[in-house]
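# Here's a sequence, model it:
(chains A and B)
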Protein chains: 2
Amino acid sequence: MNVLERLSLNQETTRYWAMPDLVAGCVAAGVRGVGLWRQQVGAFGLAETAKLVRDNGLAVTSLCRGGFFTAAEPAARAEALEDNRRALDEAATLGTDVLVLVCGGLPEGSRDLDGARARVVDALGELAPYAAGRGVRLAIEPLHPMFCSDRAVVSTLDQALTMAENFPADRVGVMVDAYHVWWDPQVYAQIARAGERILGYQVADWITPLPAGVLTGRGMIGDGCVDFRRLRAAVDAAGYRGPIEVEIFNEDIWALPGEQVLAQLVERFPGLV
Amino acid sequence: MNVLERLSLNQETTRYWAMPDLVAGCVAAGVRGVGLWRQQVGAFGLAETAKLVRDNGLAVTSLCRGGFFTAAEPAARAEALEDNRRALDEAATLGTDVLVLVCGGLPEGSRDLDGARARVVDALGELAPYAAGRGVRLAIEPLHPMFCSDRAVVSTLDQALTMAENFPADRVGVMVDAYHVWWDPQVYAQIARAGERILGYQVADWITPLPAGVLTGRGMIGDGCVDFRRLRAAVDAAGYRGPIEVEIFNEDIWALPGEQVLAQLVERFPGLV
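Numbering: from 1, shown residues only, chains lettered A, B, ... in the order given. Below is the predicted model of the structure:
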């Protein structure tokens, strides 16, 4: 299989590309998959999006995102779980079997990382049976440790796998995002350990310096220092055969026409990933 | 021992406080130690600084910094090693037995993390005998993974200890900086493993959001989410009895008078650390 056939465009890479244009653009470029975001799907309409991608023969390779499980208060916690059940319903409707989980940061004012991390595992336990009923797998995404305070207390593949291994492999796994894990001295050992729990492989480049806020500091593949090829070889060696999503948050890239971004991706992807 | 007696002011916390004022300020506040930086020492004069701190009864708890070992070119590498030998001489002259190592990032244009990390270990091997001859220990400081590309390819205590364990414990150890390691799911296990290789414990708080550039995003202790007390209990349980340096890089704190910053530290430290 040509690696380009595995390219999937995560729609946050081309944030302002309207859903029909995004779908048409992917079809025109020969890209076979898209990663979708709930807000964008909601804005265009869930049923409408499902029909659009289906009619155009595109695979939805993942839905972003569930998670944000770390609130300690029962009401906030129940609300988060309910929202995740809705996300699982939406994933099933869209025809993807992967819900990406950004697990949530430390609650405001808390220093109790262990507690927040334990609540993530509890939430997985609550959601796993529901996910199985929808035919959707939960993909824990370790985020770069710089997001530990505000977005994800799950910071490494080791930690994500230890959480996932509380559950059957066909229910809970991990999303390997090169941007978040490239620095980790354990990354190759943990990818090998992950095996069939690898539910996706995402790419964005690490560029220096980071901008303020850091969230939108991801670089176009090839503009930074991440060894995507080696990481891809590792996930492949672990048995992964699925799509490779490009997911880049970057204001400069968002300002470009979607076709132009996608053309650059298609050009660079085979040589880099 | 009262924990306040272990407080040491790393001078980068009060970057613009002139050396004599810093020393006088510490003495006046009852602070017994300072962590010094080579540029500042060089600007005031090495012999002059050594005499000033000695005459005032202050301990120099560490010298920052050696490191930047990752260049691949022989000339750049030789220059880095030579600079580290000078840093070891300076540490000895200042009367500290701890040289803090910021090991260096990925060379420009490189994606070869393994290679850069191997060069760090090689450099430690080159420097360890020289350090021993000066009575100075090399403290590998794992930096937060967000600095992996440009400052330190050593990102975790696990990794730093694996490097250090190639050498005798009285020559090479680690600096445990709470700011850099607080997020790590393995931090407590690794602190226990470190034992006598813990050459220092530094504190700065993690605040969100990070500013542009991220280097100067460290918070005053108590303003963020780091559990300093638990980390201190862990280093103590591992056998560490040494100073606790406050090292905060923050433009707003730099804009304040040194006395004011130190007074706030002395007030907050016993309740937090």
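
# okay, CA-based contacts and neighbour counts for the rest of this
OK.

# So A:Pro168 versus A:Pro129, what's the distance?
Applying CA to CA, to the nearest Å, the value for A:Pro168 to A:Pro129 is 10 Å.

# So these two - more neighbours on which side?
Remark: of A:Pro168 and A:Pro129, A:Pro129 carries more neighbours, 15 against 11, as counted by other CA atoms under 10 Å in any protein chain shown.

# what's the more buried one sitting at in phi/psi?
Note on A:Pro129: backbone dihedrals following degrees, to the nearest 10 are phi -70, psi -40.

# What number of residues are in the vicinity of the residue in the stretch 51-200 of chain A that chain B sits nearest to?
Here the stretch 51-200 of chain A gets closest to chain B at one residue, A:Arg111, 4.9 Å apart by CA to the nearest CA. A:Arg111 has 17 neighbouring residues, counting by other CA under 10 Å.

# Also A:Leu106?
For A:Leu106, the neighbour count with other CA under 10 Å is 26.

# what sits against it?
A:70, A:112-113, A:116, A:148-153 (CA atoms under 8 Å, 6 or more residues apart in numbering or on different chains).

# Next, it: secondary structure please.
Classification of A:Leu106 by DSSP: H, G, I helix; E, B strand; the rest coil places it in coil.

# Give me the phi and psi angles of it.
phi -70, psi 130.

# does the helix or strand where A:His180 lies come close to chain B?
Following DSSP states H and E, one finds A:His180 within helix A:178-181. No: Helix A:178-181 does not reach chain B (CA under 8 Å from any CA of the partner chain); its nearest approach is 9.4 Å.

# So what touches that helix?
For helix A:178-181, the external contacting residues (CA under 8 Å, 6+ apart) are A:142-145, A:156-157, A:187, A:201-206, A:218, A:226, A:228, A:231.

# would you say A:Val34 is within a strand?
Yes: assessed with three-state DSSP, A:Val34 lies in a strand.

# so what's it up against?
With contact taken as CA under 8 Å, 6+ apart, A:Val34 is in contact with A:8-11, A:58-62, A:245.

# Please enumerate the helices of the stretch 151-273 of chain A.
A:157-164, A:178-181, A:187-194, A:228-237, A:251-254, A:258-272 (DSSP state H, counting those that start in this stretch).

# Can you lay out these as a markdown table showing mean neighbour count?
Below are the helices of the stretch 151-273 of chain A laid out as a markdown table (neighbours: other CA atoms under 10 Å in any protein chain shown):
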| stretch | mean neighbour count |
| --- | --- |
| helix A:157-164 | 21 |
| helix A:178-181 | 24 |
| helix A:187-194 | 19 |
| helix A:228-237 | 18 |
| helix A:251-254 | 16 |
| helix A:258-272 | 16 |
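
# okay if I get those as TSV plus mean pLDDT?
Converted to TSV, the helices of the stretch 151-273 of chain A look like this (pLDDT from 0 to 100):
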stretch	mean pLDDT
helix A:157-164	98
helix A:178-181	98
helix A:187-194	98
helix A:228-237	98
helix A:251-254	96
helix A:258-272	98
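
# want to try JSON lines for these, with distance to A:Ala80 as columns?
Listed next are these as JSON lines, based on distance: least, CA to CA, whole Å:
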{"stretch": "helix A:157-164", "distance to A:Ala80": "19"}
{"stretch": "helix A:178-181", "distance to A:Ala80": "24"}
{"stretch": "helix A:187-194", "distance to A:Ala80": "27"}
{"stretch": "helix A:228-237", "distance to A:Ala80": "31"}
{"stretch": "helix A:251-254", "distance to A:Ala80": "29"}
{"stretch": "helix A:258-272", "distance to A:Ala80": "32"}
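
# among the ones you listed, which is nearest B:Arg137?
Taking CA to CA, helix A:187-194 is the member of the helices of the stretch 151-273 of chain A nearest to B:Arg137, at 29.8 Å.

# Give me the contact list for that closest one.
With CA under 8 Å, 6+ apart as the test, helix A:187-194 has contacts from A:157-158, A:161, A:173-174, A:181, A:198, A:231, A:234-235, A:237-238.

# Could you check how many residues crowd around A:Gln39?
Neighbour tally, A:Gln39, other CA under 10 Å: 12.

# What strand or helix carries it?
Using DSSP H and E, A:Gln39 falls in helix A:38-44.

# Check which residues of whichever helix or strand comes after that helix are buried.
Per DSSP H and E, the first helix or strand lying C-terminal to helix A:38-44 is helix A:46-55. Buried residues in helix A:46-55, defined by neighbour count with 16 or more other CA atoms under 10 Å in any protein chain shown: A:46, A:49-50, A:52-53.

# which helices and strands sit right next to helix A:46-55?
On a contact count with 3 or more CA pairs under 8 Å, 6 or more residues apart in numbering or on different chains; DSSP states H and E, helix A:46-55 meets helix A:19-29, helix A:74-94.

# can you give me the mean pLDDT across that helix?
The average pLDDT for helix A:46-55 rounds to 98.

# neighbouring contacts of it?
Residues external to helix A:46-55 that are found in contact with it (CA under 8 Å, 6+ apart): A:19-20, A:23, A:41, A:59-60, A:90, A:93-95.

# Buried ones only from those, please, as a ChimeraX command.
Buried residues within these, by 16+ other CA under 10 Å, are selected in ChimeraX with:
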select /A:19,23,41,59,60,90,93,94,95
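
# Any residues of chain A in contact with chain B? List them.
Counting by CA under 8 Å from any CA, chain A comes close to chain B at A:109-113, A:144-146, A:148-150, A:153, A:155, A:159, A:183-185, A:206, A:208-214, A:224-227.

# Quick check on these: which are buried?
By 16+ other CA under 10 Å, these give A:111, A:113, A:144-146, A:148-150, A:153, A:155, A:159, A:183-185, A:206, A:208-211, A:214, A:224-227 as buried.

# In chain A, which residue is most central in space?
For chain A, A:Val100 is the residue whose C-alpha lies nearest the centre (CA atoms, centre = their mean; 4.9 Å).

# how about it, what does it touch?
Contacts were defined as CA under 8 Å, 6+ apart; by that measure A:Val100 touches A:62-67, A:138-141, A:175.

# Can you name the residue of the stretch 101-250 of chain A nearest chain B?
Taking CA to the nearest CA, the stretch 101-250 of chain A has A:Ala212 as its residue nearest chain B, at 3.5 Å.

# Skipping its backbone neighbours, what lies nearest that residue in space?
In space, and not counting its chain neighbours, A:Ala212 is closest to B:Ala212: 3.5 Å by CA to CA, 6 or more residues apart in numbering or on different chains.

# Which residues are in contact with the one you found?
The neighbours of B:Ala212, taking CA under 8 Å, 6+ apart as the test, are A:210-214.

# Identify the farthest-apart pair in the residues you listed.
Checking the contacts of B:Ala212 with CA to CA, the most distant pair is A:Leu210 and A:Gly213, at 8.3 Å.

# for the residue lying closest to A:Pro257 once chain neighbours are set aside, what are its contacts?
Spatial nearest neighbour of A:Pro257, excluding adjacent residues (CA to CA, 6+ apart): A:Trp17 at 7.5 Å. A:Trp17 sits next to A:11, A:257-258 when contact means CA under 8 Å, 6+ apart.

# Would you mind naming the helix or strand containing A:Trp17?
Using DSSP H and E, A:Trp17 sits in no helix or strand.

# From chain B, how far out is it?
Counting by CA to the nearest CA, to the nearest Å, the gap from A:Trp17 to chain B is 27 Å.

# my read: A:Ala80 touches A:Arg65, true?
No: using CA atoms under 8 Å, A:Ala80 is not in contact with A:Arg65; the gap is 11.9 Å.

# These two: which has the busier surroundings?
Neighbours were counted for A:Ala80 and for A:Arg65 using other CA under 10 Å; A:Arg65 has more, 22 against 19.
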